[in-house]
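*Asks:* From the sequence below, what's the structure:
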Amino acid sequence: MLDIQIRNGSVIDGTGNPRRQTHVGIKDGRIVSLDSHEVEAAQVIDASGKVVSPGFVDIHTHFDAQAFWDPTLSPSPLHGVTSVIGGNCGFTIAPLGLSADSKKASDGEYLMRMLSRVEGMPLEPLREGVPWDWTTYGEFLDRMEGTLSINAGFMVGHSAIRRIVMGEDSVKREATPEELEAQKALLRDGIEAGGLGFSSSWARTHNDADGAMVPSRYANRDELVALAEVCRDFEGTSLELIPCIGPFEDWALDLMADMSAAAGRQLNWNVMLVNHGNHDDCVEKLRAGDVAKTKGGKVIALTVPVNLGVRLCFASGFGLDALPDWEKYMFGTKETKMELLSDPEGRRHLDELSQQPSPLRGMADWPSKVIYDTVAPENEQYQGRRVSEIAEEEGKTPWDALCDIAVADELQTSFGTPAARESAEDWKARIDVIRDSRAVIGASDAGAHLDFLASFNYATYLLGRGVREAGALGLEEAIQLMTDEQAQLYGLRERGRLEVGWHADVIVFDEDTVDSEEIRMKYDVPGGSGRLFAKANGMEHVICNGQEIVRHGEFTDARPGSVLRAGKHTYTPDIS
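*Replies:* Got it, this is the predicted structure:
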């Protein structure tokens, strides 16, 4: 008897082949049949009129911390994601060093403050929701075994291992040869325990909570290439890097190519947002793949297939801290920020600072901002309204109107600039890049930027807006571009397709209604913080390793996810 039989669905197997009507049989976590025979099963799912496909594979997340306070890894599975890769950008929460008395892990305080600064994770859930009771990378992975709703693998982060080896000097100077060897040893230990490879960042926007560059930014290119080369000795490993923000100079192309060639592994870089206006610039960046090929490497661009609308909040201050001279204020306590924003002179000073010439001047265009989420009952009337309209109605300046709303909400107000709807030309440009062999869909950043950005819903968004509404690509192709392509890039064993004998990571959805629901704040983070959240329309069943984890938009109690480990769950893809 089968555990589950999904009957009468329109099966899209992830290979790009045309759909076909058949049944999907599941037993002991595997797909055991793809035929038209009805057999006895403990659970029967009627998929008449629905699509059955592989679960989506999201290769750029930051679920490292959330896995401990929310092992469902929500909301990603609600949108059909069944496998994720974390530990990106060099920002991992393992390994940890030992304190002087060797009785407890150290470095956790630095890493959580760094994550709060660079990835927009509030300190409360990092302190209250993460145990920080491991030292080795293997112990970190072991703590997640048997707890997760979906499959999750994690890279070994450069900033974490550099901090352990060099301490405070990790944010002051280059490593000595001895320190580099110590980093390589830690990286080896992490990969031997199951880490999926090496990640790092040279992005100029990545600074720690003390205002210094994150540790990885103090590394020279030789250090990056030497650490990348460690991956060559381990099966099923990968590289991930943010070389810079903005156009690529030749040094960035050469660095990524040399890292990939040294490792004999593919390297993906983050991130590319494509529209009609920047299409030519994005195509130029894809040249990184050509340079890598000439050196025997493979470099892939991560692209996120949604338009992003930034959401701001004074409570976290993330994003706002990048305005000229705002950092020291946004890193203050809630009490000091409440006092500052309640004081007319304090408001005036902040606004004057924000209006200085800077690349982020548009972030301080207060009249154009829209109020998204509020907390105080008296503020409910403002939801969805533009600040300029509110200010005119109440006889205030836009800045004062915004501050009054935020203070009444004790700074929890979510506001920002709505993302523009894609035009037909935008979709054409985006799909042109996504189809390129030098690019791959990814970069959701799920688990990070909790109240700042929301692209965790990229899969249902693409199916609803790009496939159904815009007709920019067919459903079979869209499924392949979010399942098999990622699984093959990372060498995930027997995942990414619906094939007999493969892991049963399967979703059932209604192609006529699938889409993301409206993004709103949800206040379920440890410590009372809010996060951007949205369920999905039309995503009816999500199955991971043969167990149903989502039924009609709600999580079940099943937690069958595997902690994906290099070699055991991954193989080394051909990069030629």
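
*Asks:* contacts and neighbour counts: CA atoms only from here.
*Replies:* OK.

*Asks:* Per the annotation, how does this protein divide into domains?
*Replies:* 2-54+496-564, 58-304+424-449+475-490, 315-415 (automatic domain parsing).

*Asks:* Show me the shaky parts of the stretch 351-500 of the chain.
*Replies:* Applying pLDDT under 70 to the stretch 351-500 of the chain flags no residue at all.

*Asks:* ok so, going back, would you mind saying which of the domains of the chain lies nearest Y461?
*Replies:* domain 2-54+496-564 (5.2 Å; C-alpha to C-alpha).

*Asks:* possible to save the domains of the chain as TSV with distance to P573 and mean neighbour count?
*Replies:* Shown next, in TSV, are the domains of the chain (distance: least, C-alpha to C-alpha, whole Å; neighbours: other C-alpha atoms under 10 Å):
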stretch	distance to P573	mean neighbour count
domain 2-54+496-564	14	20
domain 58-304+424-449+475-490	7	21
domain 315-415	37	18
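
*Asks:* And those domains: which comes nearest R465?
*Replies:* Evaluated with C-alpha to C-alpha, the domains of the chain place domain 2-54+496-564 nearest to R465, the distance being 7.4 Å.

*Asks:* end to end, how far does the closest one reach?
*Replies:* With C-alpha to C-alpha, to the nearest Å as the measure, domain 2-54+496-564 spans 26 Å from end to end.

*Asks:* from here on, count from 50
*Replies:* Got it, the first residue is 50 from now on, which makes the last one we talked about domain 51-103+545-613.

*Asks:* from the middle of its chain, how far away would that domain be?
*Replies:* Relative to the centre of its chain, domain 51-103+545-613 is centred 21 Å away, using C-alpha atoms, centre = their mean, to the nearest Å.

*Asks:* To what extent is the closest residue to V130 other than its chain neighbours buried, counted in neighbours?
*Replies:* Nearest-residue entry for V130: F105, 4.3 Å, with adjacent residues in sequence omitted and distances by C-alpha to C-alpha, 6 or more residues apart in numbering. F105 is flanked by 31 other residues according to other C-alpha atoms under 10 Å.

*Asks:* can you check M50 too?
*Replies:* If we define neighbours as other C-alpha under 10 Å, then M50 has 11 of them.

*Asks:* Correct me if wrong: it contacts V88.
*Replies:* Yes: the pair M50 and V88 passes the contact test of C-alpha atoms under 8 Å, sitting 7.4 Å apart.

*Asks:* related to what we said a few turns ago, and the residue nearest to V130, how far from L502?
*Replies:* 20 Å.

*Asks:* go on, S611?
*Replies:* S611 is 27 Å from L502, by C-alpha to C-alpha.

*Asks:* again, but for E459
*Replies:* On the measure of C-alpha to C-alpha, E459 and L502 end up 21 Å apart.

*Asks:* mind listing what L276 touches?
*Replies:* Contact analysis of L276 by C-alpha atoms under 8 Å, 6 or more residues apart in numbering lists Q232, K233, L236, F247.

*Asks:* right, and the domains of the chain - which one's nearest R517?
*Replies:* Using C-alpha to C-alpha, the nearest of the domains of the chain to R517 is domain 51-103+545-613, at 7.4 Å.

*Asks:* ranges for the strands of the stretch 150-299 of the chain?
*Replies:* Using DSSP state E, counting those that start in this stretch, the strands of the stretch 150-299 of the chain run over residues 200-203, 205-206, 246-250, 287-291.

*Asks:* quick one: which of those is nearest A527?
*Replies:* Using C-alpha to C-alpha, the strands of the stretch 150-299 of the chain put strand 200-203 closest to A527, at 21.3 Å.

*Asks:* First-to-last residue distance for stretch 454-466?
*Replies:* End residues of stretch 454-466 are separated by 17 Å (C-alpha to C-alpha).

*Asks:* can you list contacts of it?
*Replies:* Contacts to stretch 454-466, defined as C-alpha under 8 Å, 6+ apart, come from residues 358-364, 383, 387, 390-391, 417-425, 428, 500, 570, 579.

*Asks:* Might you specify the subset of the residues you listed located within strands?
*Replies:* Cross-referencing those against strands under DSSP state E gives R360, L361, V419, I420, Y421, D422, M570.

*Asks:* Return the distance of the fifth one relative to G465.
*Replies:* Spelled out, that is Y421. From Y421 over to G465 (counting by C-alpha to C-alpha), the distance is 7 Å.

*Asks:* can you check the first one too?
*Replies:* Taking C-alpha to C-alpha as the measure, R360 falls 5 Å from G465.

*Asks:* who has more neighbours, the two?
*Replies:* A direct count of neighbours by other C-alpha under 10 Å for R360 and G465 places R360 higher, at 26 against 22.

*Asks:* OK, contacts around that one?
*Replies:* Each residue near R360 by C-alpha under 8 Å, 6+ apart is listed here: S463, F464, G465, T466, D500, F501, L502.

*Asks:* three-state assignment of the second one?
*Replies:* Using DSSP: H, G, I helix; E, B strand; the rest coil as the criterion, the local structure at F464 reads strand.

*Asks:* Can you give me every residue that contacts the residue lying closest to it once chain neighbours are set aside?
*Replies:* Nearest non-adjacent residue to F464, counting by C-alpha to C-alpha, 6+ apart: I420, 4.5 Å away. Applying C-alpha under 8 Å, 6+ apart, we find I420 in contact with Y431, Q432, G433, R434, R435, V436, T462, S463, F464, G465.

*Asks:* quick revisit: and the contacts of L276, which two are furthest apart?
*Replies:* Q232 and F247 (11.4 Å).

*Asks:* and which of the contacts of L276 is nearest H328?
*Replies:* F247 (29.5 Å).
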